[in-house]
Each structure stands twice: as structure tokens, then as C-alpha cells.
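> just coords:
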């Protein structure tokens, strides 16, 4: 920064030769340059931390929602299998009742009971399906918000984050989460490994944007 400030003297000489007018550079100018740089640095650091926080929250929400939806899907599959089994059993029972006229009343009562159970299972399955749809509907705004947070990333911010020698713990946590989702890292990623992951900011941003949350 001092070199930049001192280089103004050469520019002042060229200005005098061309314009025949003097331009002066004072210590106050140097102090103003330092003040401007500090303000700009503080602003950029705040932007990076804010983006890291938004990305962390978005990824956490996506992971929680995906886990809930997958659990509901598995429960629904099991319930639907049970429904089909009960329907098949009921059909067989009705056929037996038709053939055995001597015990038709008793067999029909048993069939009615099985039919009632089947209808209850079908109703439960429909309710579970509705609940799954509701969870997915509630999750969509959060997933869209997370995608919007990812779109805020830029190469300059990633480059500045990568250049931190000792970043805030929140930044390390976010990078560890990103490594878990993008690289399938089972162990917590250290900061040096995170810097290596972000060695190419543009490629890292493309990888984050290409991430498919539905495959978590």
C-alpha cells in the first residue's frame, strides 16, 4: 500500500508536464487510502460470513427435510405392501365363502372383518401419503431458499474465504458440511483440506450449484 501511495509522485510529475499544473499528495491522502481499504475489507468480510451462514442454514434444512421425506416414503411403501397383501387375502376369503355355501354366513362375516381391516389400512396409507405430500410442500420453500443462497456465491468471496489462515469456526463447519455432501467425506474435514477443496473457486461453485439435494 505504501508503494502505491509513493507511486503517486511519478503521476504528479507527468501531470505537471502535460497539464502545467501541480497536484499534491499529503500524509492525509495516505491515511484516507488506509481508511478506505479498511472499510472495504470489513465490508467484504461481513459479506462472506453472511453468505457462509446462509449456506450452512440452507444445507441443514435440506438435509433435515430430505431425511423426513425419505422416512415417510419408506413407511408408505411398507404400508402399501401390507394393503395389497390384505386385499389378496380378502379376495381369497370371498372366493372360499362363495364355494362353501354351508358356512357362507360365518365366512362372510370373517371376510367383512378382513375388508374392514383392509379399508383401515388403505385409509392409513392415504393419510400417510397426504402427510408426505404436506412435508414435501413445506420443504419446497426451504429448498428454494437454500438454492437462492447458493446463487449468492461468487469467485471473489470463495477466494477470500480460501485465503483465511485461521477462519471463524462457523466457516470451518460450513466447509465440513459441504465436503460431507459433495465429497461424501465421513470424517470431519480440517481447514487445510477445505482450502484444497476450494483451490479452484469457479469449479467449486459449479459443483455446489450442480448438487442435487434429492440424492442426499
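That came through fine. This is a predicted model, so every value here is computed, not measured. Numbers count the residues shown, from 1 in each chain.

> report the buried residues of stretch 193-200.
194-195, 197-198 (16 or more other C-beta atoms under 10 Å). C-betas here are computed from N, CA, C, even on glycine.

> stretch 61-75 too?
Buried residues in stretch 61-75, counted by 16+ other C-beta under 10 Å: 61-63, 65-66, 68-69, 72.

> kindly report the same for stretch 179-194.
Residues of stretch 179-194 classed as buried by neighbour count (16+ other C-beta under 10 Å): 179-181, 189, 191, 194.

> and it, how far from the chain's centre?
15 Å (C-alpha atoms, centre = their mean, to the nearest Å).

> ends of that stretch, what's the gap?
Start-to-end span of stretch 179-194 (C-alpha to C-alpha, to the nearest Å) is 8 Å.

> what mean pLDDT does that stretch get?
For stretch 179-194, the mean per-residue pLDDT is 81.

> let me know the closest of the buried residues of stretch 193-200 to residue 133.
Closest approach between the buried residues of stretch 193-200 and residue 133, by C-beta to C-beta: residue 197, at 36.5 Å.

> residues in contact with the residue most central in space within the chain?
For the chain, the residue sitting closest to the mean C-alpha position, by C-alpha atoms, centre = their mean, is residue 59 at 2.8 Å. With contacts defined as C-beta atoms under 8 Å, 6 or more residues apart in numbering, the neighbours of residue 59 are 146, 174, 177-178, 181.

> what about it, which SS state?
helix (DSSP: H, G, I helix; E, B strand; the rest coil).

> please pick the buried ones from the contacts of residue 59.
For the contacts of residue 59, a burial check counting by 16+ other C-beta under 10 Å picks out 146, 174, 177-178, 181.

> identify, from the buried residues of stretch 193-200, the entry nearest to residue 46.
When these are compared against residue 46 (criterion: C-beta to C-beta), the nearest one is residue 198, at 19.4 Å.

> grab the nearest non-local neighbour of that closest one.
Spatial nearest neighbour of residue 198, excluding adjacent residues (C-beta to C-beta, 6 or more residues apart in numbering): residue 162 at 4.4 Å.

> what does residue 166 give?
In this structure, residue 166 finds its nearest non-sequential neighbour in residue 191, 7.9 Å apart by C-beta to C-beta, 6+ apart.
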